[in-house]
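[1] Show me the folded form of this:
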Amino acid sequence: MPKYFVPTARPATPRAARRVRDGYGETAQPDWRTIDWQAHLHQVEIDGTPVNYVDIGSGDRHPVVLVHGLGGQWQNWLENIPRAAQERRVIAIDLPGFGLSPMPRREITIPGYGRTVNALCDLLGLGLVELVGNSMGGFISAEVAIQFPQHVDRLILVSAAGITSADLDRRPIQTLGRIATALTNWSAPLDRKIASRAKARHLALALVARHPSLLKADLAYEGFFKGTGKPGFNDALLACLEYDFRERLPEIGVPTLIVWGEQDSIIPVKDANEFERLIPDSRKVVMTQTGHITMAERPAAFNDLMMDFLAESGPASLAGHGALRS
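    Alright, predicted model coming up:
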């Protein structure tokens, strides 16, 4: 068997969405559509590169920092920011090369992105933070917890990269990356039209969401389609494949929650078990009938998990083990 074979879940068919009746794709409260997001957008220069971010909310607890994945943007967290901002200050970043942040001057690497996230926290005077990352953003968030342990209080990894990606053969993945980039660049002018059609949403997002047709059209557009075709995609993809931090994961000394979709078609759910094995104080939650973007597919359930975990004190491992939620 070629070493680049990854036993991920097969994407669901559009017909399968008809059988889902458990809150999948329902808008979380408070509704993100009621917020004037432009009023909360800011930029700061880090290592000579402007970095775009959202800054909203307040509270006397540690701020929450949200880190998007490959091909993403801060809007990946639209369904989660308002809930967290009721209790805490929330920062959501556009990594250099994505969203409204231009390409960095230096080569894109996972450690470099980790330093960028930490530098943003320093510049904003956040002190101890709660880090939440999806996919590549989980890879980066774990790297921050390794590089800068004194700055991280708790860590949430959502379908994080960094395990299977370290074993993949680069050549076929690079080819897939180039194809994906070409497709997203081609589809960018049609995004609003695609988002308005359930079948088209399914075709466009079948790899990242289990039932894309059940996602609201405006969330699909604002949260995900607008992030396509950005210049950092290929370099960030290579950065994920070239960096292996598995031997250092036991260095993570903060309570860690690992959240995964049982039907993730991009990163296999078995990686959740490996993160849990390697990170000393961790526990995992696997959501059924859910894909790679749990925070957008089941935002209400995810928000409950996130806020409950961040409100805990003491070790993560004492509060549960191997939970399964639908």
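[2] what lines up beside the helix or strand encompassing residue 131 in the sheet?
    Using DSSP states H and E, residue 131 sits in strand 129-134. Here strand 129-134 is paired, per DSSP bridges, with strand 64-67 (parallel), strand 152-158 (parallel).
[3] out of these, deepest packed?
    strand 64-67 (a mean of 28; mean count of other CB atoms under 10 Å). For every residue, glycine as well, the C-beta is placed using N, CA and C.
[4] Show me the contact partners of it.
    74, 77, 80-81, 84, 88-93, 95, 117, 120-121, 126, 129-134, 137-138, 140-141, 310 (CB atoms under 8 Å, 6 or more residues apart in numbering).
[5] could I get the strands paired with strand 129-134 as a markdown table with distance to residue 268 and mean pLDDT?
    Converted to a markdown table, the strands paired with strand 129-134 look like this (distance: least, CB to CB, whole Å; pLDDT from 0 to 100):
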| stretch | distance to residue 268 | mean pLDDT |
| --- | --- | --- |
| strand 64-67 | 21 | 98 |
| strand 152-158 | 14 | 98 |
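[6] Flag the shaky bits of the protein, pLDDT-wise.
    By pLDDT under 70, the low-scoring segments of the chain are 1-8, 166-191, 318-326.
[7] ok, and the closest non-adjacent residue to residue 157?
    Leaving aside its sequence neighbours, residue 157 sits nearest to residue 138 (CB to CB, 6 or more residues apart in numbering; 4.1 Å).
[8] so the one you found touches residue 145, yeah?
    No: contact criterion CB atoms under 8 Å: residue 138 and residue 145 do not qualify, at 10.6 Å.
[9] most centrally placed residue in the protein?
    residue 134 (1.8 Å; CA atoms, centre = their mean).
[10] And it, how close does it get to residue 313?
    25 Å (CB to CB, to the nearest Å).
[11] before we move on, what about residue 91?
    When residue 91 is compared with residue 313 (using CB to CB), they lie 23 Å apart.
[12] now swap in residue 276 and tell me
    For residue 276 relative to residue 313 (CB to CB), the value is 20 Å.
[13] So between these two, which is more surrounded?
    Higher neighbour count among residue 276 and residue 313: residue 276, with 21 against 7, using other CB atoms under 10 Å.
[14] Contact partners for that one?
    Contacts of residue 276 (CB under 8 Å, 6+ apart): 258, 282-284.
[15] How about residue 235?
    97, 103, 107-108.
[16] Is it in a helix, a strand, or coil?
    What DSSP: H, G, I helix; E, B strand; the rest coil gives for residue 235 is helix.
[17] Do a quick rundown of the strands in the stretch 151-300 of the chain.
    152-158, 256-261, 282-287 (DSSP state E, counting those that start in this stretch).
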